[in-house]
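[1] 3D model of this:
(one chain, ligands or ions: 1)
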Amino acid sequence: MARKQFDLIVFDWDGTLMDSTSTIVRCIQAAARDLGLPIPDKSAASYVIGLGLQDAMQAAIPDVDPKYYPRIVERYRHHYLGQDKDLTLFEGVPEMLTDLSQQGYFLAVATGKSRVGLNRAMNSTGLLSMFDATRCADETFSKPHPAMLQELTRELGQDMHRTLMIGDTTHDLQMAINAGAAGVAVEFGAHPPQQLQTLSPLYSARSIRELHQWLNEQA
Ligand SMILES: O=C(O)COP(=O)(O)O
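    This next block holds a predicted model:
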């Protein structure tokens, strides 16, 4: 049997596996509102998803006194961790992950979420045991820095050239480029397809079903 092209598949979390873009946008806007700061519009708030909380707030709500940022992050966490109902996976995610795992791929997550946020989301969606390793933005350098991918490949003893990063933002694709991994885009998350195409992903999927099928064709 021909050898697979990739051994390790790293997934972004929000907007790639979990249908959470609009919840995150709402929580960023609510945090700004709580502190009487300018409220970013949907596109500005969507753009920063994945950067890690502190960097994301600085990018979404620029030109305010730096002393506000820890408070904005605190208000964001209050709103995000206070809501339970929107922890929903995109249709077909558990089936795709189970299939990939059975095919022998190592599976990992690299996310701009905090460890608390990721563990909560993995627990409530039943995906906790599905991944071989995970990295969160509060544990290392955030996207698009290559650190998360470098640490994941090292931990799992994998080769970066046989690693695939899948995400819904240019931050995910840029991290893959910076690390020397291949990048695949999904078009149903935070960044619009035209923006994703500027970084020439290997493939761009319009649904989890399309992504799953494409991954099966790489085997
Ligand atoms: O910034 C977030 O909370 C989401 O991060 P992710 O898209 O990298 O999972």
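
[2] Where does the prediction get shaky in this protein?
    1-2, 84-86 (pLDDT under 70).

[3] in stretch 129-140, what counts as buried?
    Residues of stretch 129-140 classed as buried: Met130, Phe131, Ala133, Thr134, Arg135, Cys136, Ala137, Asp138 (neighbour count, 16 or more other C-beta atoms under 10 Å). (Each C-beta comes from the backbone N, C-alpha and C, glycine too.)

[4] Looking at those residues, which is nearest Asn216?
    Set against Asn216, the nearest of the buried residues of stretch 129-140 by C-beta to C-beta is Met130 (17.6 Å).

[5] so the closest one sits right up against Phe106, yeah?
    No. Applying C-beta atoms under 8 Å, one finds Met130 not in contact with Phe106, separated by 11.4 Å.

[6] Once you drop chain neighbours, what's closest to Thr98?
    Among residues not flanking Thr98 along the chain, Met130 sits closest, at 7.6 Å (C-beta to C-beta, 6 or more residues apart in numbering).

[7] residues contacting the one you found?
    Applying C-beta atoms under 8 Å, 6 or more residues apart in numbering to Met130 gives the contacts Pro94, Leu97, Thr98, Ser101, Leu107, Met122.

[8] what helix or strand is the second one on?
    Of the helices and strands defined by DSSP states H and E, Leu97 is found in helix 93-102.

[9] same deal with the last one?
    According to DSSP H and E, Met122 maps onto helix 115-125.

[10] Return the list of helices and strands in contact with whatever helix or strand comes next after that helix.
    Downstream of helix 115-125, the first helix or strand assigned by DSSP H and E is strand 133-136. Counting contacts by 3 or more C-beta pairs under 8 Å, 6 or more residues apart in numbering; DSSP states H and E, strand 133-136 packs against strand 106-111, helix 115-125, helix 147-156.

[11] Any idea how far the second one is from the middle of the chain?
    Counting by C-alpha atoms, centre = their mean, to the nearest Å, helix 115-125 is centred 13 Å from the centre of its parent chain.

[12] Next, the buried residues of that helix.
    Within helix 115-125, the residues scored as buried using 16+ other C-beta under 10 Å are Gly117, Leu118, Arg120, Ala121, Met122, Thr125.
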